[in-house]
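>>> only geometry, no sequence info:
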């Protein structure tokens, strides 16, 4: 279990890890933004069949793309900080990056996913009934609000990861 003590990790891995990190960011942020767009467009149709299909896809693509992208971002980010000898408690921009990503993830896990599951469950019924219950729309407002906030946080991470500010001024 030598990999646990990171003996295998060296500075030569930096570019590979950075490439995988950027790929993870593309999967993660790309899916978040595209999912919000397609869900919004589907909801605007007010068509129960279209909305039900879109809702199922939101849940599916969250696991396929958002979760895998987030996993890549986390693993490669932590490994690259180790390769570079960076301490998130001492490096301002890295600490902010970790913090923003964690808050965004907590919103996703504890607010957005439960709403998505409830909406997906509702979507199964309104296709059969050809009616969309008010609960769906109430949940949708919450999902959109928290979703926008949870998207802004990792977008701020792009600033911190690219600019790497050394002071407390943004």
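That came through, no problem. Just so we're clear, the structure is a prediction, and the values are computed from it rather than from any experiment.

>>> Counting by contacts, list what the helix or strand containing residue 125 packs against.
Residue 125 belongs to helix 113-129 when assigned by DSSP states H and E. On a contact count with 3 or more Cβ pairs under 8 Å, 6 or more residues apart in numbering; DSSP states H and E, helix 113-129 meets helix 48-61, helix 134-163. For glycine as for every other residue, the C-beta is placed from the backbone atoms N, C-alpha and C.

>>> How much space separates residue 35 from residue 153?
Distance of residue 35 to residue 153, computed by Cβ to Cβ, to the nearest Å: 16 Å.

>>> Compare those two and say which one has the larger neighbour count.
Neighbour totals were compared for residue 35 and residue 153, and residue 35 leads with 21 against 17 (other Cβ atoms under 10 Å).

>>> Where does pLDDT dip in the chain?
1-8, 167-170 (pLDDT under 70).

>>> quick one: contacts of the helix holding residue 125?
48-49, 51-52, 55-56, 58-59, 62, 132-133, 135-136, 139-140, 142-143, 146 (Cβ atoms under 8 Å, 6 or more residues apart in numbering).

>>> Now do the buried residues in that helix.
113, 115, 116, 119, 120, 122, 123, 126, 127 (16 or more other Cβ atoms under 10 Å).

>>> From the chain's centroid, how far away is it?
Distance of helix 113-129 from the chain centroid (Cα atoms, centre = their mean, to the nearest Å) equals 21 Å.

>>> distance from the centroid: which residue in the chain tops it?
Computed with Cα atoms, centre = their mean, the residue of the chain farthest from its C-alpha average is residue 129, at 32.6 Å.

>>> Counting neighbours, show which residues of stretch 49-60 come out buried.
Buried residues in stretch 49-60 (16+ other Cβ under 10 Å): 51, 52, 54, 55, 57, 58, 59.

>>> Tell me which residues of stretch 72-86 come out buried.
Buried residues in stretch 72-86 (16+ other Cβ under 10 Å): 72, 73, 74, 76, 77, 79, 80, 81, 83.

>>> No further queries at this time; thank you.
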